[in-house]
Every structure is written in C-alpha cells, then in structure tokens.
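S.K.: Model the structure of this input:
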Amino acid sequence: MKRKRMWTALLLVLLCALATGMSAFAEDVSIKNKKWVSGQGGAYIDSDKDGRVDDFRSWGKSYYKIQIPKQGYIVVEAKLSSLPGEKQYIEYISEDSDRDEKVDHSTSLSLLNSNKKQLSEHNNWLSGKKNLVFTAVVKKGTYYIAAEGNQKYRFRYSFTSVSKVSKTGKRPAKAVSLKKGKTVKSLITGDKDQYFKIKLNRKGKRLKREETMPYPIRKI
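M.R.: Below is the predicted model of the structure:
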C-alpha cells in the first residue's frame, strides 16, 4: 500500500512538472509599439543523431500580445529569412529517392482578437518574398499576432490613433452626402462597405443611371 501511494505521489509530481513546463512554453509574449521582436517557426534537426540534418520540427504557433489604447490602425512589418540547417536538410531529402518532398519557405502572421479568434491572415507562401506588410483597423483593447512557419522572422507593429472619423452610410439607402471640396476621414475595414453620394449640378454632363447611384468605399 505504501509503495502504491509513493508511485501515485511521484506520478502527480511528474504531471505537475509537465503542466508547468507546457504553460511556460505556451506563454504569450507581450510586445510594444514600434519595437522589433524575433522568433522562428521551428528548427531543422538531426533526429537519429548521425550527424546529418534529416527532419524539421515545427514549434507551432507563437502568440504575441499587443495592447491598443484607442481606435486607429496598425501596420505590421515583417522580415523573413531561412532557418539554420535548411540547406543540409534539402541535400538530405534530395539524396533519398523514396521521399517526394519539397521545402516551401513560408511564414504566416495572423491578427487575432482578445479571444484569439482570427481576424485576418497573411503569408508569403506563394510570393516567396522576404518581407511581409499588412494593415488592420483596430479598436481599444487586446489583440494577438500569431506567427508560424518554417522560417526565422523579425517583425513589429506601428500604431496610429484616429480620434475622429466622418459619418458614413452602411448601405446605399443610407449613403452620406459629400460636399464639394470637403475631405472625408474614416477607417475602412475589409468586412464592411461605406457608402457616399454626391449631387451634381443640373448644368453638368448628363450621367447614365448607374453612374448616379451611391458607390461603396472598400478596403482593397
């Protein structure tokens, strides 16, 4: 009975240690406005310890936490590069005729809300570019940038506040009239259109019906 209790206690200690280690590994990293942060999506390894790089081990997603003080927009800039050991890994798989495998250099950066729900995703999978830039409209609150892939990365976000915005229409029937020479200031999101309309002088050029209807302003 004592031996059984001892093994039970040891098992509980081991489970606690594993849980603590996993929590530490998965801990989110807080980053500040305009400060660069570095990381990588995994590592090329020598899995059988024979002195040759023969496998890639993904580290999954890394989460970077950002705090937005007020409404505005962010610009995320990333610089991407190859991981150490990639060349040796390519040489290894090219020698193995039984492995039909390619190495695609790619990194994915996703913007998440406070519940870690994905709002947008951006990557260089098709382009192969070493730079990645995207923008997003944000409100006051907590956001995350999730990074994953098989490259090294270095990125930062730059926040610009927009205190006041002009009134906009959410649908054609509610389109807001624009006055001649007046500048409109707004924040454009990818999931919502903003409608505006203009009134032309009768003495001007007669337009076709479709040209006189309200047009949406969209984020491209």
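S.K.: Going by C-alpha atoms from here, please, whenever you check contacts or count neighbours.
M.R.: Will do.
S.K.: tell me the helices in this protein, going along the chain?
M.R.: Applying DSSP state H to the chain gives helices spanning 2-25, 86-95, 209-212.
S.K.: least reliable of those helices going by mean pLDDT?
M.R.: Sorting those by mean pLDDT places helix 2-25 lowest, at a mean of 42.
S.K.: For residue 65, name its beta-bridge partners.
M.R.: Counting by DSSP bridges, residue 65 forms beta bridges with residue 30, residue 144.
S.K.: close enough to count as contact, it and residue 147?
M.R.: No - using CA atoms under 8 Å, residue 65 is not in contact with residue 147, being 11.5 Å away.
S.K.: which of those two has more neighbours?
M.R.: Set residue 65 next to residue 147 and count neighbours by other CA atoms under 10 Å: residue 147 wins out with 23 against 18.
S.K.: what sits against that one?
M.R.: Applying CA atoms under 8 Å, 6 or more residues apart in numbering to residue 147 gives the contacts 41, 61-63, 107-110.
S.K.: Can you add pLDDT and neighbour count and give those residues back as JSON lines?
M.R.: Putting the contacts of residue 147 into JSON lines (pLDDT from 0 to 100; neighbours: other CA atoms under 10 Å) gives the following:
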{"residue": "41", "pLDDT": "95", "neighbour count": "21"}
{"residue": "61", "pLDDT": "95", "neighbour count": "18"}
{"residue": "62", "pLDDT": "96", "neighbour count": "19"}
{"residue": "63", "pLDDT": "97", "neighbour count": "22"}
{"residue": "107", "pLDDT": "96", "neighbour count": "26"}
{"residue": "108", "pLDDT": "96", "neighbour count": "20"}
{"residue": "109", "pLDDT": "97", "neighbour count": "25"}
{"residue": "110", "pLDDT": "97", "neighbour count": "19"}
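S.K.: Name the nearest residue to the residue nearest to the spatial centre of the chain, ignoring sequence neighbours.
M.R.: Closest to where the C-alpha atoms of the chain average out (CA atoms, centre = their mean) is residue 110, at 2.0 Å. Excluding its sequence neighbours, the residue lying closest to residue 110 (CA to CA, 6 or more residues apart in numbering) is residue 121, at 4.2 Å.
S.K.: who's in contact with that neighbour?
M.R.: Going by CA under 8 Å, 6+ apart, the list of residues near residue 121 reads 108-111.
S.K.: Do you know the pLDDT at it?
M.R.: So residue 121 comes in at 95 (pLDDT).
S.K.: for residue 116, same thing?
M.R.: pLDDT, read off for residue 116, is 96.
S.K.: do the same with residue 162
M.R.: Predicted confidence (pLDDT) for residue 162: 87.
S.K.: so what's it closest to, chain neighbours aside?
M.R.: Distances taken as CA to CA, 6+ apart put residue 72 closest to residue 162, at 4.6 Å, once the chain neighbours are dropped.
S.K.: Kindly provide the distance from the one you found to residue 42.
M.R.: 33 Å (CA to CA, to the nearest Å).
S.K.: Could you do residue 68 as well?
M.R.: The value you get for residue 68 to residue 42, if CA to CA is used, is 29 Å.
S.K.: count of neighbours near residue 87?
M.R.: Per other CA under 10 Å, the neighbour tally for residue 87 reads 13.
S.K.: Could you pull out the strands in this structure for me?
M.R.: For the chain, applying DSSP state E gives strands covering 29-30, 37-40, 42-45, 55-58, 62-68, 72-81, 107-112, 118-123, 131-138, 141-149, 152-161, 176-177, 194-197, 215-217.
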